[in-house]
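Novice: coords below, sequence missing:
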């Protein structure tokens, strides 16, 4: 008997060795062990290869039986069916949701006549790019997108054409029921449902993009995201801003309503705006409409402006808080101030000593410059920093602009900043700082998400004394009844505020005939609940032909409060029995 031992060598061939039979006709013990080990290794090797071939074969069968619309596009859009959470307003009204749609693709290798396919598709798809589509169909690749997010009718019409080599892939499309009403707050997504702007982008930044990248959002119904805005109020504010832009022949307009106790943004609009269902628009020649895309620019939080005399609110509050002045202080405003080659004058000077309420009422540049000088440069800079007016605003909204200020503060800088020139902030953070002046002195960062009074109290920061806040409520009320705020007064709601008319900065220079107007208001001033700030950019006319804030921004504020106060839960009060009334006969 001859025994065979099979040994596997590194060059993948076998060597057969012949061993002699042991005496007595049995194989030696060591030879038997080697034979068993060799058989075990060979069996393990064969089993391993068998499992590999079976696995590969099963996957090939799986791909062969699958829908080509899935297998062909897998490398092109791995998250086409990913779901986004709904976005709701504070009352549960829908602001954004996903809808099911389909997209058209082609398998160029299966296309017989590209010219015929293009001609047929052009009968259904408007603005089809013949040249680009023809190039895609003749690319010889396995997969090409032809048109994303078709309507059901388009899908039906293309199916009726019976074109071989094309198919449909299910996708998600973002839908905004309100169109442009809250476009700058909600934002929009791209063709692949990824957030590009507004709270849509915020959602991605909070971890949604990571969940999507690992495929955890495809079949999961995500919890809706509820915002702080009230859709009813938002619609009115946007409508009033759009009307003001047209009536005043302005370049732009905007407004925000802020809860002074929670920091919640109840409404915010900036016009011109855009429809997030159609963030870009093509012209007849196929080019992108750049004028339409200008509507993406949100002037309330994504842009900075010199806010003019609204800043006098902060200058007077600074002087009161530092105890450099009180409501009985009188400042000589009879003569202009000359400083470093500049002359500081009042717009409509009284040329006499003025009390602090009168400085606010007549918007005296001379008076506010004197107050800034009493506090000093370092104190002035520190106070505005404390109010958050010199740093980037902390909120959920992406793309918030950073304020600009002089690199080095000199006395002339402090003087001009005292009446709102030489420093630029966003309108939203100006409203936030104004809220701190009248809510008892607490600075609360703005939010576009619901926030309770308790949560707000936990993050608020006292920035001025309660007495200073009480004095500022007095001054706002005074100006609302006697000064430029009269144009915003709504009977029964005790509106107080301050106008700001600034020469607009164009190419680094002040344009004498172009204004940026603003009005910041609080109501009801006996117990403030809301701040309203309105802006009108470069108006050509206003109420009674004026171009100042009193003729443009203030009337906007009046209409906003008159139309929204009831929805905001504020009741009119014509006389409060047993409660002292503010006396304004100074």
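Specialist: Structure received. All of these numbers come straight from a predicted model, not from anything done at the bench.
Novice: what are the ranges of the strands in the stretch 301-450 of the chain?
Specialist: Counting by DSSP state E, counting those that start in this stretch, the stretch 301-450 of the chain forms strands over residues 330-332, 337-339, 342-344, 353-355, 442-443, given from the N-terminal end onward.
Novice: please identify the deepest-packed of those strands.
Specialist: Most buried of the strands of the stretch 301-450 of the chain, by mean neighbour count (mean count of other C-beta atoms under 10 Å): strand 442-443, with a mean of 20. For glycine as for every other residue, the C-beta is placed from the backbone atoms N, C-alpha and C.
Novice: and the next helix or strand past that one?
Specialist: For strand 442-443, the following helix or strand on the C-terminal side (DSSP states H and E) is helix 453-459.
Novice: how far away from the center of its chain is the next helix or strand after that next one?
Specialist: Tracing the chain past helix 453-459, the next element assigned as helix or strand by DSSP H and E is strand 461-462. Here strand 461-462 is found 26 Å from its chain centre; the criterion is C-alpha atoms, centre = their mean, to the nearest Å.
Novice: and stretch 481-492, by the same measure?
Specialist: 32 Å.
Novice: how long is it end to end?
Specialist: Taking C-alpha to C-alpha, to the nearest Å as the measure, stretch 481-492 stretches 12 Å from start to finish.
Novice: quick one on the thing from earlier: relative to residue 207, which of the strands of the stretch 301-450 of the chain is closest?
Specialist: For the strands of the stretch 301-450 of the chain, the distance to residue 207 is smallest for strand 442-443, at 28.5 Å, taking C-beta to C-beta.
Novice: which residues are in contact with the closest one?
Specialist: Strand 442-443 is contacted by residues 386, 387, 388, 432, 433, 436, 457, 460, 461, 462, 463 when judged by C-beta atoms under 8 Å, 6 or more residues apart in numbering.
Novice: that strand pairs with which strands, and in what direction?
Specialist: When pairs are called by DSSP bridges, strand 442-443 turns out to pair with strand 461-462 (antiparallel).
Novice: what's the partner strand in contact with?
Specialist: Applying C-beta under 8 Å, 6+ apart, the external contacts of strand 461-462 come out as 441, 442, 443, 444.
Novice: can you rerun that using 7 Å?
Specialist: Around strand 461-462, the neighbours that count as contacts under C-beta atoms under 7 Å, 6 or more residues apart in numbering are 441, 442, 443.
Novice: following the chain past that strand, name the next helix or strand.
Specialist: Next helix or strand after strand 461-462 toward the C-terminus (DSSP H and E): helix 466-482.
Novice: now the angle between helix 466-482 and the helix or strand following that following helix, please.
Specialist: As assigned by DSSP H and E, the chain's next helix or strand after helix 466-482 is strand 496-506. Interaxial angle, strand 496-506 versus helix 466-482 (axes from the mean of the first three to the mean of the last three C-alpha atoms, to 10 degrees): 80 degrees.
Novice: helices of the stretch 301-450 of the chain, start to end?
Specialist: Assignment of helices within the stretch 301-450 of the chain using DSSP state H, counting those that start in this stretch yields the ranges 312-321, 356-361, 365-375, 377-386, 411-418, 427-438.
Novice: give me the distance from the third one to the chain's centre.
Specialist: I take that to be helix 365-375. When C-alpha coordinates are averaged (C-alpha atoms, centre = their mean), helix 365-375 and its chain have centres 37 Å apart.
Novice: just checking, what packs against that helix?
Specialist: Counting contacts by 3 or more C-beta pairs under 7 Å, 6 or more residues apart in numbering; DSSP states H and E, helix 365-375 is packed against helix 312-321, strand 342-344, helix 411-418.
Novice: next: the second one.
Specialist: Here helix 356-361 is seen to pack against helix 312-321, helix 466-482 when contacts are counted using 3+ C-beta pairs under 7 Å, 6+ apart.
Novice: that helix - what's its average pLDDT?
Specialist: For helix 356-361, the per-residue pLDDT values average out at 97.
Novice: show me what contacts the residue nearest the centre of the chain?
Specialist: For the chain, the residue nearest the mean C-alpha position is residue 198 (2.5 Å; C-alpha atoms, centre = their mean). When contacts are counted by C-beta under 7 Å, 6+ apart, residue 198 touches 184, 185, 186, 187, 397.
Novice: ok, longest strand in this structure?
Specialist: Ranked by residue count under DSSP state E, the longest strand found in the chain is strand 509-523.
Novice: packing partners for the helix or strand following that one?
Specialist: Proceeding N to C from strand 509-523, the next assigned helix or strand is strand 530-537, under DSSP H and E. In this structure, strand 530-537 makes packing contacts with strand 252-259, helix 427-438, strand 509-523, helix 553-564, judged by 3+ C-beta pairs under 7 Å, 6+ apart.
Novice: nearest to residue 318, of these?
Specialist: Nearest to residue 318 among those is helix 427-438 (10.3 Å), distances taken as C-beta to C-beta.
Novice: adding distance to residue 88, write the strands of the stretch 301-450 of the chain out as a markdown table.
Specialist: As requested, those are exported to a markdown table (distance: least, C-beta to C-beta, whole Å):
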| stretch | distance to residue 88 |
| --- | --- |
| strand 330-332 | 51 |
| strand 337-339 | 53 |
| strand 342-344 | 50 |
| strand 353-355 | 49 |
| strand 442-443 | 28 |
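Novice: mind checking which of the ones you listed is nearest residue 256?
Specialist: Minimum separation from residue 256 across those (C-beta to C-beta) falls at strand 442-443, 16.4 Å.
Novice: the contacts of residue 198: which two are farthest apart?
Specialist: The widest separation within these, taken as C-beta to C-beta, falls between 186 and 397 and amounts to 10.7 Å.
Novice: what about the longest helix belonging to the chain, average pLDDT?
Specialist: Secondary structure of the chain read by DSSP state H shows that its longest helix is helix 29-65. The predicted model assigns helix 29-65 a mean pLDDT of 75.
Novice: and it, how far from the chain's centre?
Specialist: The gap between the average C-alpha position of helix 29-65 and the chain average comes to 59 Å, counting by C-alpha atoms, centre = their mean.
Novice: name the helices or strands packed onto that helix?
Specialist: By contact count (3+ C-beta pairs under 7 Å, 6+ apart), the secondary structure elements abutting helix 29-65 are strand 3-8.
Novice: quick one: average pLDDT of the strand it packs on?
Specialist: Summarised as a single mean, pLDDT over strand 3-8 is 38.
Novice: stretch 253-263 too?
Specialist: Per-region confidence: stretch 253-263 scores 98 on mean pLDDT.
Novice: tell me how far that stretch lies from the chain's centre.
Specialist: 15 Å.
Novice: again with stretch 236-247
Specialist: Going by C-alpha atoms, centre = their mean, where stretch 236-247 is centred and where its chain is centred differ by 20 Å.
Novice: repeat for stretch 303-321
Specialist: 26 Å.
Novice: in it, what counts as buried?
Specialist: Within stretch 303-321, the residues that qualify as buried by neighbour count (16 or more other C-beta atoms under 10 Å) are 303-321.
Novice: and the strands of the stretch 301-450 of the chain: which comes nearest residue 91?
Specialist: Residue 91 lies closest to strand 442-443 among the strands of the stretch 301-450 of the chain, at 26.4 Å (C-beta to C-beta).
Novice: how distant is the closest one from the center of its chain?
Specialist: Using C-alpha atoms, centre = their mean, we find the averaged C-alpha position of strand 442-443 to lie 23 Å away from the chain's own average C-alpha position.
Novice: any idea of the mean pLDDT in that strand?
Specialist: 98.
Novice: residue boundaries of the helices in the stretch 51-200 of the chain?
Specialist: Counting by DSSP H, counting those that start in this stretch, the stretch 51-200 of the chain has these helices, from start to end: 68-71, 114-122, 130-137, 152-161, 183-186, 198-203.
Novice: contact partners of the fifth one?
Specialist: In other words, helix 183-186. Applying C-beta under 7 Å, 6+ apart, the set of residues contacting helix 183-186 from outside is 87, 95-96, 176, 198-200, 227, 229, 268, 270, 273-276, 298, 448.
Novice: so which bits of it are buried?
Specialist: For helix 183-186, using 16+ other C-beta under 10 Å, the buried residues are 183, 184, 185, 186.
Novice: what is the burial count for residue 323?
Specialist: Using other C-beta atoms under 10 Å, residue 323 is surrounded by 10 other residues.
Novice: no more questions from me, cheers.
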